[in-house]
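fold the following and give me the result.
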Amino acid sequence: MKRVVFNIGLSAPVISPLDATKQVMRHGFTVRDTRIVKGQYNGEEERTLVLETFAPYDDITQVEDMVSKLAERLEQDCIAFVSGKYERLTYRATWEGERQEFDRQYFVDIEEPTKTGQVPESVGFSKTEGTVRQLTLSEQLRQRQHSGGTIKHPVHGLIEVTAKTARELMSVKEGHLIRFKRDMFN
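I've put the predicted structure just below:
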């Protein structure tokens, strides 16, 4: 399996990160990790979904073909991806506009989500028995119980939690966590 990292714009048209991730999986890719960062396309800032995936395709042309179909399905002009030594900006088959070359300075890799100076927004997806869903606060806290880190609260946004705080909050019922004030997580 080939490791493939995608950068998918979420602004034009507006696409939810969950819908985009589901489409990536429907095109045969296994999603390992995701982030939302501030990217750039045609000189404009754009919310960008960064996905680390694994492709079941051995040949890079098969990967490019699936990415082109994915771009078509998501109504994207193009999708940038990196797989090993291959760096591509793959356009949908029906694209009739100008085609640009891949430019590494605009690509955000999953290992370097802060290279643009932006703190990544953890999307918190989980795949269970073929179904993609967002993680609950309790599940995010469980993941952070040993090392701490960032969680995404539906009301307060990104919150840094220590491992100790994550362990303490794990005993609280899910429905109550959403009502906590931001400083309860610190």
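
list the buried residues in stretch 158-178.
159, 161, 165-167, 169, 177 (16 or more other CB atoms under 10 Å). Any C-beta I mention is one placed from the backbone N, CA and C, and that applies to glycine too.

likewise stretch 51-70?
Residues 51-53, 55, 57, 60, 63-64, 66-70 are the ones in stretch 51-70 that count as buried (16+ other CB under 10 Å).

next: stretch 12-26.
Residues of stretch 12-26 classed as buried by neighbour count (16+ other CB under 10 Å): 15, 17, 20-25.

of those residues, which is the nearest to K173?
Set against K173, the nearest of these by CB to CB is P17 (26.4 Å).

report the central residue of this protein.
Among the residues of the chain, the one closest to the centroid is T34, at 3.0 Å (CA atoms, centre = their mean).

quick one, what contacts the nearest residue to Y41 once chain neighbours are set aside?
Nearest non-adjacent residue to Y41, counting by CB to CB, 6 or more residues apart in numbering: G9, 5.4 Å away. Listed by CB atoms under 8 Å, 6 or more residues apart in numbering, the contact partners of G9 are 15, 39, 41, 46-49, 76.

repeat that with 7 Å
By CB atoms under 7 Å, 6 or more residues apart in numbering, the contact set of G9 is 39, 41, 46, 48, 76.

so which of the buried residues of stretch 12-26 would you say is closest to V5?
Distance to V5, by CB to CB, is smallest for V24 among the buried residues of stretch 12-26, at 11.3 Å.

A20 sits in which helix or strand?
helix 17-26 (DSSP states H and E).

list the contacts of the longest helix anywhere in the chain.
Identified as the longest helix of the chain according to DSSP state H is helix 60-73. Outside helix 60-73, the residues within contact range by CB under 7 Å, 6+ apart are 2, 4, 23-24, 27-28, 55, 57, 78-79, 81, 83, 86, 88, 90-94.

now for the protein, the helix or strand with the poorest mean pLDDT.
strand 125-128 (a mean of 56; mean pLDDT, DSSP states H and E).
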